[in-house]
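S.K.: what would the 3D arrangement of this be:
(chains A and B)
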Amino acid sequence: MNLSLNEEQLLIKNSAEKFFLDNLSFEQRNKILTSDGKLCEDLILKSKELGWYGLPFDQKFGGLGGNITDVMTLIETFGASLHIDPYIFSLLLPGKIIEHFFDEDKKSHYLDKIINDNIKLAYCFAEPNIRFDIHKLNCKVYLEENKYFLKGKKMLVLAADRANSIIVPAIDKDKNVYLVKIDNTSKNFLSNKYKIIDDSDAVDYEFDGFEFNENDILVKLNYEEYKKKISIIFDYLTLAVCSEALGVIEKMYKLTLEYVKTREQFGKRIGDFQVIQHRMVEMYIIKEEMRSLNCSAQVSFSNNDPKERIKSISLNKIFLDTKAKEAAQDCIQLHGGMGVANEMSIGHFFKKLTFLSMLFGDSDYHYKRYELVDKI
Amino acid sequence: MNIEFSKDDLEFQQKVRNFISKNLSNELRNKVANGSEISKEEIISWQKALHKENLFAPGWKKEFGGAELSASKRYILDQELALADTPTIIPFGVTMIGPVLMHYGTPKQQSFFLPKILNSDHWWCQGYSEPGSGSDLASLKTKAILKGDKYIINGTKTWTTLAQYADWMFCLVRTSFEGKPQEGISFIMIDMKTKGITVDPIITLDGAHEINTVYLEDVEVPRENIIFEENKGWTVAKFLLSHERTSIAAVGKSISAVKKLKQIANIELNNEGSLLITDKRFRDRLTTLEMDLKALEFTELRILSEENKGVAPGPEASLLKIRGSEIQQRITELTMNAVGYYGISNDLANSNADRSNSNQFRPDYSQNTAANYLNMRKTTIYGGSNEIQKNILSKMVLGL
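M.R.: Sure, this is the predicted structure:
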């Protein structure tokens, strides 16, 4: 048994922390976010030199063949530094889609493009009226006079604004699922770009009889098979979200601890009050529990037991949306007025956590999912 | 024991409803309903309309131009205004400095300021907190030195809500460094147009500009602007805080917000495709929230009922602030859950964006959900943080 990071993972962690220390201080981050986007792309290109884009993928396809702990360790550092690369959505999600769904030829071609070239893809995982259930598809494919058409809505497509193409999953009347590649610059559908509370961008799409070529169909498979594959992919991504959130909570805890140690009221540090001490201890316990649950989920992935994996991932997500969220709220409270001022970093971590706690399902969704799998 | 309204009360309720339907435009109602920013002009014209019907200062004595309404009528008014999505009245004038002036002001101060507060000709802000003095308000350092018949004021006030609109600020300043910190504080009114005042915006988590830092540099204020006596400002501040505590329980606003949340849950679907309101897990959370809100409402009514008998609210009013603020936060949190992915967009940033070629399948009720959730974090911090309210209860009520 070994639940600590190995030397390589420590190297990943340390070099990422060093990278953020040099390139993404809170002030640098604000500057990048208020600029036109070029600074952001420069930073991402620089980060790619560290091999981050290859890490999650097989060497066969130009990746570095990192394991789950390698990847989660890296993503945790993103949370602690509020990294502005939408790595989970522009690399991990499309990459995992390619890895699980595409045939070998296409796999090599596309993985190489997103890892090594600057080709960006975005996957449309959410639709209105299906809430958090990634298995449901209302977006339709239909054939008319041998031409293919798309009809439906996709929402919250993250990292879509900078993507060259988007991948749209849709279903036909015979319950075949198509993954359709669409040129993001096309004018033949409606789109609406907007800001998310963590300062990232998302796009909503509406396809009303949008015509596409047969060549744009990346994958066609039956619905049952699609469900099985998409489930594994999103468990992996949900764990990535929880790992990023772990980095956020660790940092919020540190910032708050520092604050109660320095902020003085009534002639002493506010951390000298027992009520504050107990709350900080509670927060400390919560972050440790969160890390332990994260370990359990990583282990469940390696064990190849789908039931255990699903349960473990859902426990992580429930914890994030309940206890971690409460801890984050307490961090704001203990900062007093400073906690609600945008000029302080603590609030930006809070917004990131608020976003992550809802992404890929809130606690209600995951309680239910756990229940369904745990049926005796 | 009953809460039946008298015939007179019911007539009053009808009068308020008529007033609202006649004076509140649909446009303004929608803006309030979806949490959009209400302009200074809109607020002032709404307050003026209320005043015309003598509904603006329900708690003020008649001799000062108020309506001097009974506790039950004030409760009715508060509820009706909240449930109908009317703009929130800015409290700094009519519910804060107004009562202070009526209680402690000189006849000259009263006759100059009170009519202008009633008519919303003066916009007030509150200069209490300082960068180093939040929960420990008594440690404040803004200095006022008497020079002839003027005070020269230097210091910094912060978290000053809507100071960017203010004509006047009531302010706690230090006039003595002797004795206990509370004993050297004075309560003074400052004309915001005076030389040496700079108002700097503070942007909050939701991206809005509501609060400010106010820098005071050699600001000259006439000695007659002091309220009550020099070095007796803490007494005035405590009087004011007890008024603020009851009003920030925001029962009416929360009842209205829960009603809206229920409407959303009657449209949104859960993960299985049924109406969210039928989802057991969601419904239980909503019911728990309603339970706590009902308890808060009747706690407030019990305090009002005592007040009807002439008993002023004591330190136990702190419990209204604690629970009222927590409930406000929980409603916005559950609303986030109710609207799902619609709720995490930054609508304030998006409202400035280009809307051409945009698809508008996002429901109106999801507007500003995240902004409200983020903005409501302030409620457990301001007005004396909930930690301070607990100290008050523990000391003054429990005797610990």
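S.K.: domain parsing for the chain?
M.R.: Went with chain A since none was named. A:7-119, A:122-212, A:225-373 (automatic domain parsing).
S.K.: the chain in question should be chain B.
M.R.: Using automatic domain parsing, chain B is parsed into the domains B:7-89, B:124-233, B:248-348+B:361-397.
S.K.: where is the longest strand in chain B?
M.R.: Scanning chain B for the longest strand, with DSSP state E as the assignment, gives strand B:209-222.
S.K.: would you turn the domains of chain B into TSV with mean neighbour count, distance to chain A and mean pLDDT?
M.R.: Where you see a C-beta, it was placed from the backbone N, CA and C, and this is true even at glycine. Compiled in TSV, the domains of chain B are given as follows (neighbours: other CB atoms under 10 Å in any protein chain shown; distance: least, CB to the nearest CB, whole Å; pLDDT from 0 to 100):
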stretch	mean neighbour count	distance to chain A	mean pLDDT
domain B:7-89	17	14	94
domain B:124-233	19	4	96
domain B:248-348+B:361-397	19	4	92
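S.K.: nearest to A:Asn222, of those domains?
M.R.: For A:Asn222, the closest of the domains of chain B is domain B:248-348+B:361-397, at 21.8 Å, according to CB to CB.
S.K.: endpoints of the closest one, how far apart?
M.R.: 20 Å (CA to CA, to the nearest Å).
S.K.: which elements pack onto the helix ranked longest in chain B?
M.R.: When chain B is parsed with DSSP state H, its longest helix is helix B:280-308. Applying 3 or more CB pairs under 8 Å, 6 or more residues apart in numbering or on different chains; DSSP states H and E, we find helix B:280-308 packed against helix A:363-373, helix B:71-83, helix B:251-265, helix B:318-339.
S.K.: tell me the gap between that helix and the middle of its chain.
M.R.: When distances are taken as CA atoms, centre = their mean, to the nearest Å, helix B:280-308 is centred 19 Å away from the chain's centroid.
S.K.: the inter-axis angle of it versus helix B:71-83?
M.R.: Put simply, helix B:280-308 runs at 150 degrees to helix B:71-83, going by axes from the mean of the first three to the mean of the last three CA atoms, to 10 degrees.
S.K.: switch the domains of chain A over to a markdown table; also include mean neighbour count and distance to chain B.
M.R.: Listed next are the domains of chain A as a markdown table, based on neighbours: other CB atoms under 10 Å in any protein chain shown; distance: least, CB to the nearest CB, whole Å:
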| stretch | mean neighbour count | distance to chain B |
| --- | --- | --- |
| domain A:7-119 | 18 | 11 |
| domain A:122-212 | 19 | 4 |
| domain A:225-373 | 20 | 4 |
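S.K.: JSON lines for the ones you listed, including distance to A:Leu218?
M.R.: Shown next, in JSON lines, are the domains of chain A (distance: least, CB to CB, whole Å):
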{"stretch": "domain A:7-119", "distance to A:Leu218": "7"}
{"stretch": "domain A:122-212", "distance to A:Leu218": "5"}
{"stretch": "domain A:225-373", "distance to A:Leu218": "13"}
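S.K.: next, please give the residue ranges for the strands of chain A.
M.R.: Under DSSP E, chain A gives strands at A:121-123, A:140-144, A:147-158, A:165-171, A:176-183, A:190-195, A:201-212, A:217-222, A:264-265, A:268-269.
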